[in-house]
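A.B. asks: Sequence first, predicted coordinates after that:
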Amino acid sequence: MAGARSYAAIGQWARSAPQEALSRLGARLLTSLNVRVAPSAATIRRIIAAVCPGGLADLTGSDPAGAESVAADGKSARGSRHGEVPAAHLLAAMTSDGRTLTQLRVPDKTNEITCFAALLAPFNLAGVVVTADALHTQREHATFLVEAKKAHYTFTMKKNRPILHERLRTLPWEQATAKFYDRSEGHGRKETRVIQVLTVENLDFPHAAQVAKITRHRTSLKTGKRTRETVYVITDLTSRQASPERIARLIRSQWVIENRLHFVRDVTFDEDRSQVRTGHGPENMATLRNLAINTLRQTGHTNIAAGLREMSYQPFTHPLDLLTLTS
């Protein structure tokens, strides 16, 4: 939150911190001199690399209470790759209003699918809609959410599951009377989304109640080039629980984690160029970035870069004030 992005920078901040800041942080006290001593950069590096990442993520994360939906998505910390050791891949969960709940590191030689239940298991998700991309359109995930967590799901379906995808493609979409049109402009393009919804039975996917067909028409503002993409969505929400408009909103909420977490960590915190590689360092540093983003948002900063600049004007007091650390 004070602008330090590496172990060396954090160590430099600690060395420069005044006694009042060190006292608020609980730094070691030399009683004979009545002086607080800052931890060295080596100590900071050793602690961050060794501390339990799951515990740190749970302690610093938010709570899903009050959220309409929670999105799950993964991101690789590219700079953490070293030799034959792959980059740390982190699976995170974020509420639709931009609060990061938690994250965990996906073990090497596996993928996000194996970590989905463990990511969400600690939280009370009763009544919450969990959204995820096509990778997580898994029967086990749907069963876990509805039966174990008393939650709902809205999963994207692409061609990674060809049999089910073909079943959805050949549904009688010409009979769909529930439709919604959604338009937006940004990222250099105009986009119109047409959402058609059908009630389904016996789809051979756990608890499926509705299927949506989303046709995206995109026009590049620079070149004028037009493209069209069709994706499908499966949800256990009934037509009474979710209109086409609500389904469109839930689908957009999946983009929140890309725009308000992964993009911010990459662009504002320069995460992909971080050289933190050893131990639990990559995931714990990412968790600390999540904490900074959560804290700034919860205290009224809608622009994280602007919030960090404001912190930099008083780097030894303002961040500690927002974190409510008192001596």
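C.D. replies: Thanks, I have the structure now. Numbering: from 1, shown residues only.

A.B. asks: Quick check: R189 touching H217?
C.D. replies: No: in this structure R189 lies outside contact range of H217 using C-beta atoms under 8 Å: 10.2 Å. (Glycine included, C-beta is placed from N, CA and C.)

A.B. asks: Quick check: phi and psi on L91?
C.D. replies: L91 has phi and psi values of phi -100, psi 120 when expressed as degrees, to the nearest 10.

A.B. asks: what is it paired to in the beta sheet?
C.D. replies: Listed by DSSP bridges, the beta-bridge partners for L91 are G74, L104.

A.B. asks: Mind pulling up the pLDDT for it?
C.D. replies: pLDDT recorded at L91 is 95.

A.B. asks: who's in contact with it?
C.D. replies: When contacts are counted by C-beta atoms under 8 Å, 6 or more residues apart in numbering, L91 touches 72-74, 103-106, 112, 115-116, 119.

A.B. asks: how does it look with 6 Å?
C.D. replies: Neighbour list for L91: 74, 104, 106, 112, 115, 119 [criterion: C-beta atoms under 6 Å, 6 or more residues apart in numbering].

A.B. asks: looking at it, the fourth one is touching G74, isn't it?
C.D. replies: Read that as E112. Yes: contact criterion C-beta atoms under 6 Å: E112 and G74 qualify, at 4.7 Å.

A.B. asks: In the stretch 1-150 of the chain, mark out all the helices, start to finish.
C.D. replies: Listed in chain order, the helices of the stretch 1-150 of the chain (DSSP state H, counting those that start in this stretch) span 7-16, 19-24, 41-50, 53-60, 116-120, 139-143.

A.B. asks: what angle do the fourth one and helix 41-50 make?
C.D. replies: Per axes from the mean of the first three to the mean of the last three C-alpha atoms, to 10 degrees, the angle that helix 53-60 makes with helix 41-50 is 100 degrees.

A.B. asks: can you pull the buried residues of helix 53-60?
C.D. replies: For helix 53-60, a neighbour-count test (16 or more other C-beta atoms under 10 Å) marks 53-54, 56-57, 60 as buried.

A.B. asks: Helix or strand: which one has the spatially closest residue to A176 that is not a sequence neighbour?
C.D. replies: Spatial nearest neighbour of A176, excluding adjacent residues (C-beta to C-beta, 6 or more residues apart in numbering): Q196 at 4.1 Å. Assigned by DSSP states H and E, Q196 belongs to strand 189-199.

A.B. asks: C-terminal to that strand, what's the next element?
C.D. replies: As assigned by DSSP H and E, the chain's next helix or strand after strand 189-199 is strand 210-220.

A.B. asks: quick one: strands adjacent to that following strand?
C.D. replies: With DSSP bridges as the test, strand 210-220 is paired with strand 189-199 (antiparallel), strand 226-235 (antiparallel).

A.B. asks: quick one: which of these is nearest A248?
C.D. replies: Closest approach to A248 among the strands paired with strand 210-220 is made by strand 189-199 (5.0 Å; C-beta to C-beta).

A.B. asks: which parts of that closest one are buried?
C.D. replies: Across strand 189-199, burial judged by 16+ other C-beta under 10 Å covers 189, 191, 193-198.

A.B. asks: Would you format those residues as JSON lines with distance to L145 included?
C.D. replies: What follows is the buried residues of strand 189-199, written out as JSON lines (distance: C-beta to C-beta, whole Å):
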{"residue": "R189", "distance to L145": "33"}
{"residue": "E191", "distance to L145": "29"}
{"residue": "R193", "distance to L145": "25"}
{"residue": "V194", "distance to L145": "27"}
{"residue": "I195", "distance to L145": "22"}
{"residue": "Q196", "distance to L145": "24"}
{"residue": "V197", "distance to L145": "20"}
{"residue": "L198", "distance to L145": "21"}
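
A.B. asks: By mean pLDDT, flag the weakest helix or strand of the protein.
C.D. replies: Using mean pLDDT, DSSP states H and E, strand 178-186 stands out as the lowest-scoring helix or strand of the chain, at a mean of 87.

A.B. asks: The closest residue to T60 other than its chain neighbours and G54, how far apart?
C.D. replies: Excluding the flanking residues, the one nearest T60 by C-beta to C-beta, 6+ apart is L291, at 4.2 Å. Distance of L291 to G54, computed by C-beta to C-beta, to the nearest Å: 15 Å.

A.B. asks: now R289
C.D. replies: From R289 across to G54, the span is 17 Å (C-beta to C-beta).

A.B. asks: if we can go back for a sec, now, of the helices of the stretch 1-150 of the chain, which is deepest in the fold?
C.D. replies: helix 116-120 (a mean of 19; mean count of other C-beta atoms under 10 Å).

A.B. asks: which stretches of the stretch 101-250 of the chain aren't confidently modelled?
C.D. replies: Within the stretch 101-250 of the chain, no range satisfies pLDDT under 70.

A.B. asks: show me what contacts A117?
C.D. replies: Contact partners of A117, counting by C-beta under 6 Å, 6+ apart, are F144.

A.B. asks: ok, so what distance separates it from Q138?
C.D. replies: With C-beta to C-beta as the criterion, A117 and Q138 are 10 Å apart.

A.B. asks: one step back: is it true that the residue nearest to T60 touches D58?
C.D. replies: No: using C-beta under 6 Å, L291 is not in contact with D58, being 11.7 Å away.

A.B. asks: Please consider this matter closed, and thank you.
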